[in-house]
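Colleague: 3D, please:
(3 chains)
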Amino acid sequence: MFGQYLSRVLFASVLLILLAVMLFPIGWMVITSLKSNNDILVGHLWFTRYSNQIQAMFMHNGNMYMATENGAYLRSDGKTHAFKTLSKGQEVASAFFKAPGRELIQATKTDVRVRDAVDGQELRQIPVVDLPWLWRENIKSSCVAVVSHRAYVGHLVLKSPEEEHQSYPGQGVLEGLQIVDLKENRYLKTLKQDEGLPENNITALLPWGADLWVGTTRGLARVRQDQVVQVLGAAQGVPGMVQCLWSDGTTLFVGTEDGLVLLDADGALIGRLGQSQGLLKDDVLSIAGAGSLLFVGGPTGLSVYDRALERTVHVLERSGQQPWKVTALSVAGDFLWVGTADGYVRKLQRERYSVEDENRAPETPYNIRWTNYVQLWKNISFGTYFKNSLIICLITTLIAMTLATLAAYALSRFEFPGSNLFSTAILATQMIPGLMFLIPIYLMFVKFHEWFGIQFINSYKGVIFVYSGFCVAFLPLFRSA
Amino acid sequence: MRRYWVLALACLLLASTGCKNKNNQKTEGPVTVRMWIMPNSAQPANDLLEVLKPFHDSHPNIRVEVTSIDWGSAKDKLNSAAISGVGPDITQIGSTWVGLLSATRALASLSEKVPSLGGPDIFLPAAWTSSGLEGSGEITSIPWFVDARVLYYRTDVFEKLGLTVKDIDTWENFKTTLDKIKKSQLVLQGQTVDPLGSPGSNDWNILHNMAPWIWASGGDLLNSDHSRAVFNQAESYQGVSFFLGLAIDGYIPKYCLELNTAQVAAKFNEGAYAMYFDTPAQIKNLELPIEKGGAAGTVAARNYAVALYPAGPSGRYTFFGGSNLAVFKACEHPAEAWEVIAYLASKPAQIAYANATGFIPARQDAFADPFFTEHPKRKIFIEAVKYGRTYPCVSAIGAAEPALMRHFGNLWAQVSGTFGPKQRVDIHKELDQAVQELNIIISESI
Amino acid sequence: MKTAAPPLLAQMRRHKHAYAFILPTLCAMFLIHFVPMLQGIYMSFLRLNQITLRQYLGAPFIGLRNYVDILFNPQSLVRISGLGQAAKVTLIYAFVVTLATIALGLGMALLLHREFKGRTVARTLFFLPWIIPQFVVGLLWGFMWQKNEGIINFVLHDCLHLLSDKPFWLIGNNTLWAIIIPTVWRGWPFAMIMLLAGLQQISDEYYQAAKIDGANAWQRFWHITLPLLKPVWATLLLFGMIFNVYSFNIVYMMFGLGAGYPGPWGDLMMTNIFRASFGAYRFGAGAAASVLLMLFMIGMVLVWNHYFKKDVTAGNL
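Modeller: Residues are numbered from 1 along each chain as shown, chains lettered A, B, ... in the order given. Purely as a prediction, here's the structure:
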């Protein structure tokens, strides 16, 4: 009894070990198929992680709402250091905005969510676009603003060059400025490039009075009552991509790759701040202000500019191994909150710029590229190939089976002169190296075209013909059946 | 007996449908020019069609049908087309294949058409060398784009060690610099930086990677009248042993020798090497966001610069690859095909396609364009193209490429030290064997 | 019947239905196999290179030159480009792969032949490697064999500590293993399925009788299972040999995606001939090498016929 049990266990474990060893390469193939191209080429054994760059921060009554590419989190200050996860996963490239009243508006990749500003409780969802989750990887960041009960949502959508020309789910809604009615809880429409926006990729939004300033990857636009009324590009002093927007009520600050541009309420250029004014870098990623002080986040750290003294009064630089790429800034009371690209949120004392507290955004998911499979169908038209294979395979099987059954029947039923020769010939076909076929068959097809007008090159007919011929080899299998 | 009739009927049906198709094709309409290209960019056919858009607008009577064929199978397909006379009207061919394909006499002569473009002088001289079989006086292909190899290096590494471009200007300096980087055992962004990355034997570019070192030391593959192989002479030996020495001395890490160029490039981008040699397309790649399949934002993309190949004892050379456009003799619409080629050789199309692929134009005047003069990195090619050199355009070189790749691959394999303890790197022996083989190939190719 | 055979013509007339049945197959074979083969054989007598390529079969006829070069002239191009070494490696490769495939397939078939829960599932899972295309196998294992970043060295060196150092698999002497192992891995499930089918045909009575006679498990395997499975493994042996001598895809993909030369221990006949024909444009020499390989294979088949033909036709195949 015990021996039998033992042998069973032994058998099962041997089987499992063998299964693991034999299927390991297949498992590895599946893993490889989900890796990013770069991970494969560099040879990372495992998936690398997504960035958990802090994309947006929002302070409310001591609560801090924070969004990364992979989730939205809430930190109730003074109570706990841990983040409470509001939503996570690929659906979120969140941004927050405080609406009138107790409401907090969160924009995600597919919808607009209204939350309770005090505890982060989700009150309702307003669906905007029906985007399959595989396609959400394309949205890198989002921004949201509210003007008179309307929420405006913009995304920065990065598509691979292959996808650039193709239609995809969500097209028509995803790109451009999405407008959502918060009273009626419904998506209204999307304002796009052909209606005056300088670009469909939206990077920053700022409401100012009744207007909405829209920062895009190619300049700035002013939107009033859902109409584009003004566009500011390189000619108006706003070079290239707008990366952040902020206003103190009298001046509009536009952070670009090439310095901080100051505009007045009419969009007229007032001035420009950059490296020559003492900022760390010209590249301005985030901006916040308090009084006459201006906090400017760049790729290597934070600069503090005093507008009254007209000079940079302090810089906090952390370059090298883990640079402080300041992507989000927020001022609350005596503290300055600094969010960086490596996923840290640091609480700085504003007088001394000392780090009071630092927190890391929860670990982010691995860079598992499901889109590899989407791209398979999209770019290299895998669907067409699959269809071709299916058609060719079906017809070939049909023809080859008919031929083989006929011949196999003849061979097993009758013993006719030459039957031995015939079966030896079938075996002999297997001896011919495949390389010998290439040119002769191609030439034969060319002749067929000349003689009979049958187009065998570049057509199903040719492939089916060749494959059916090759399948003769399976005749012995039929004979046994 | 009935079965015969069924079969015969089926055959007839098949034949008649074939005929019908053929008749249908003869309806009046724009002339279709079929063109084969290799995957030069991420979306080969679409990118070229985008470049051809102005052409299609101005020539409503011509429609270019672009098919992208894989580099690996391109030679077979071109051969089949050459033998049978059935193939595309225009085809892209690698500049090193021109000799081979011209020797088959499958390509139409373009000699008479060249003056209408503005003569051979509008192209880079080194690119023009590959326009037709040397000695035949016939032009069989027009240079389309050029792939000039340059040295990519990490500015942060150089800054840290107090190095400048001057320190990689000559062979001696280059080696000293490599030594400095190796000894410093630099760790940047959490990664040890090896001095130089380079693929070894499992790569398509074995020969192209080796050639500049042979030239720079005064050597050459063939003698001046291309009748004999000469790269076993002292100069070439010096070049080959210098390059291999970089791996033997450990400047090129050993594991590198089994990688291919794409893998080395990806590792460079991640910060594994201080320097490596690659094609101009890498600049485009380093500017393209990661999400679009590029490498912008990687360690290398934030801190890189481009330099020329270091100058050897007898000068500075950079390998000139690239592709040409040719017309098959069996082409049905030679006039229309030529118009397409003439358009693709024009300056705007050259720059537009260079922009799409990352390679550089074959036209001289394109380098005066802001595309080059205004670009901080791409500027280097204005100078680099002056040092461009390619293999002589004779049929023997094309036929010898596999042999040369085998012998140089063998050398890399010996350097990797994987043939057991007895194996030594014997450059002389391997070069002698290669020369012997090449000489037979030359004698058989006449 | 044989003693008093009617005249040939009459016999043929009597079997005209049989001829009608094989006619379509014969046509297909003629067009797809024999016409190209004849062209190939004729090509091997020509000096067909880049210069004469366009003339194709009109290229200069040089008789047996190509054959003489391959067989007797060690200084000829084909020889110095490593055809001899490739032939040696191919022979080792084909033998090892074929035998290992059958052995592994037989072992697994015996393991999976017994009754247990989930047997069908296990069989299906074990069959999976066979459905992966050879190109993909070459590509996949090419990544897995990498020295520094490959998963195999990681498992052998870092996890199991079996190797003191991470070896090269894709350069040098190890390349032989690097091509044998993936081929066996991909090939054995087919052998297993065929042998399993064969095992199921063996009546249990034999084993019962042997048990009564006091034969132990090994004896039963050696004297019952193996002989009765002979038709199956003999067929596998034949087709395995043919298949593996003509192996190309895995090697082609594994070393730099068809780039260069897989090294003296990775280069097989087919990759060598491919380089000679399509890389160096020596089509005549390539065809001659193919024909020689074909003759060698026919010889092997005749040997096989001598030893196994009877068993195979007498058996179920």
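Colleague: can you list the weak-confidence ranges in the stretch 151-300 of chain C?
Modeller: C:258, C:260 (pLDDT under 70).
Colleague: mind redoing it with 80?
Modeller: By pLDDT under 80, the weakly predicted segments of the stretch 151-300 of chain C are C:256-260.
Colleague: residues of it that sit close to chain A?
Modeller: C:151, C:154, C:182, C:185, C:235, C:239, C:242, C:246, C:248, C:270, C:273-274, C:277, C:283, C:286-287, C:290, C:293-294, C:297-298 (C-beta under 8 Å from any C-beta of the partner chain). Bear in mind the C-beta positions are built from the backbone N, C-alpha and C, glycine included.
Colleague: up against chain B, what does chain C have?
Modeller: Residues of chain C lying near chain B (C-beta under 8 Å from any C-beta): C:20, C:24, C:49-51, C:53-54, C:56, C:76-77, C:80-82, C:146-148, C:167-168, C:170-174, C:255-261, C:263-264, C:275-276, C:278-282.
Colleague: what about burial for those, which qualify?
Modeller: For those, a burial check counting by 16 or more other C-beta atoms under 10 Å in any protein chain shown picks out C:24, C:49-51, C:53-54, C:56, C:76-77, C:80-82, C:146-148, C:167-168, C:170-174, C:255-261, C:263-264, C:275-276, C:278-282.
Colleague: in chain B, which spans are strands?
Modeller: For chain B, applying DSSP state E gives strands covering B:31-37, B:62-68, B:90-94, B:141-148, B:150-154, B:187-188, B:191-192, B:194-197, B:273-278, B:304-307, B:318-327, B:360-361, B:388-389.
Colleague: of all those strands, which one is nearest chain C?
Modeller: Among these, strand B:194-197 comes nearest to chain C, with 11.3 Å by C-beta to the nearest C-beta.
Colleague: how far is that closest one from where the chain is centred?
Modeller: Offset of strand B:194-197 from its chain centre (C-alpha atoms, centre = their mean, to the nearest Å): 23 Å.
Colleague: and it, what does it pack against?
Modeller: helix B:171-184, helix B:261-270, strand B:273-278 (3 or more C-beta pairs under 8 Å, 6 or more residues apart in numbering or on different chains; DSSP states H and E).
Colleague: which SS state does C:Asn244 fall under?
Modeller: Using DSSP: H, G, I helix; E, B strand; the rest coil, the structure places C:Asn244 in helix.
Colleague: so what's whatever residue of chain B ends up closest to chain C up against?
Modeller: In chain B, the residue found nearest to chain C is B:Thr418; the distance is 2.4 Å by C-beta to the nearest C-beta. By C-beta atoms under 8 Å, 6 or more residues apart in numbering or on different chains, the contact set of B:Thr418 is C:167-168, C:171-174.
Colleague: buried residues in stretch A:210-217?
Modeller: In stretch A:210-217, counting by 16+ other C-beta under 10 Å, buried: A:211-217.
Colleague: before we move on, what about stretch A:23-39?
Modeller: A:25-26, A:28-29, A:32, A:34-36, A:38-39.
Colleague: pick the one among those closest to B:Ile283.
Modeller: Of all those, B:Ile283 sits closest to A:Asn38, with 17.1 Å by C-beta to C-beta.
Colleague: got a list of what the closest one touches?
Modeller: B:266, B:269-270, B:290, B:295.
Colleague: equivalent analysis for C:Gly263, please.
Modeller: Contacts of C:Gly263 (C-beta under 8 Å, 6+ apart): B:201, B:409-410, B:413, C:171-172, C:175, C:255.
Colleague: which pair in the buried residues of stretch A:23-39 spans the largest distance?
Modeller: Farthest apart among those - using C-beta to C-beta - are A:Ile26 and A:Asn38, which lie 23.1 Å from each other.
Colleague: doesn't A:Gly383 fall inside a helix?
Modeller: Yes - assignment of A:Gly383 by three-state DSSP places it within a helix.
Colleague: you'd agree it is up against A:Trp377?
Modeller: Yes - applying C-beta atoms under 8 Å as the test, A:Gly383 and A:Trp377 come out as touching, 5.3 Å apart.
Colleague: anything in contact with each of the two?
Modeller: With C-beta under 8 Å, 6+ apart as the test, A:Gly383 and A:Trp377 reach no residue in common.
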